[in-house]
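Novice: Let me see the structure of the following:
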Amino acid sequence: MKHSRPLTAVLVALALVVTGGPTVAAAEEPVDPQLSQLLEEVPGGVVTDGGSAVWPKLDMEYRPAPASSRVAARSVGSCATGRICAYNASNLGGGMLSWGSCTTITIPSSFATRSAANARTSGYMQVRNGASVLATVNANAWGNVSGSATNIRCFL
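Specialist: Below is the predicted model of the structure:
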């Protein structure tokens, strides 16, 4: 009887090792609806941590609206230095799409652009509906957008 308690402990430990231990149900994070729409509309997106996604072939990134505002050094709002960004709320709020390339970029139709930032060191960008300019944003600046934006044209 003296040896039964240690033997029981060893058997329980062995059972836990073999079965992988106690299972704890992990709660899945809810998926950002904007991210779901973007992933469906724009092929090639890869979900990263925190509900963000990147499209490597497009040099495009999506980040959901931040819980708290953190600003990177030499950025324009939350738009990192060297990138151009579109936001789905006024005043650089809401979710953000960003691009590192300076060209004409199609904005996914599921993303309603309400403000934009140009964190490049030179040039300007136009937020447009087709060829009609809705907003012009100079380097190191931002602006609100009214109307339905379909593309961004960046000028060096």
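
Novice: Now do the strands in the protein.
Specialist: Secondary structure of the chain (DSSP state E): strands at 46-47, 53-55, 60-63, 84-89, 93-99, 104-106, 115-118, 124-129, 132-138, 141-144, 151-155.

Novice: which of these sits most buried?
Specialist: Using mean count of other CB atoms under 10 Å, the stretch among these with the greatest mean number of neighbours is strand 115-118 (a mean of 26). In short, each C-beta sits where N, CA and C put it, glycine included.

Novice: right, and N88 touches F111 too?
Specialist: Yes. The pair N88 and F111 qualifies as a contact (CB atoms under 8 Å) at a distance of 5.9 Å.

Novice: Need the overlap of contacts for those two.
Specialist: Both N88 and F111 are contacted by Q34, G95, under the criterion CB atoms under 8 Å, 6 or more residues apart in numbering.

Novice: partners of F155 in the sheet?
Specialist: Assessed by DSSP bridges, F155 has beta-bridge partners Y124.

Novice: residue contacts, it?
Specialist: The neighbourhood of F155, defined by CB under 8 Å, 6+ apart, consists of C102, G123, Y124, M125, Q126.

Novice: ok, those residues vs G82, which is closest?
Specialist: Top of the list for closeness to G82, among the contacts of F155 and by CB to CB, is C102 at 9.6 Å.

Novice: how far away is the residue nearest the centre of the chain from R83?
Specialist: For the chain, R63 is the residue whose C-alpha lies nearest the centre (CA atoms, centre = their mean; 1.8 Å). Distance, R63 to R83, by CB to CB, to the nearest Å: 11 Å.
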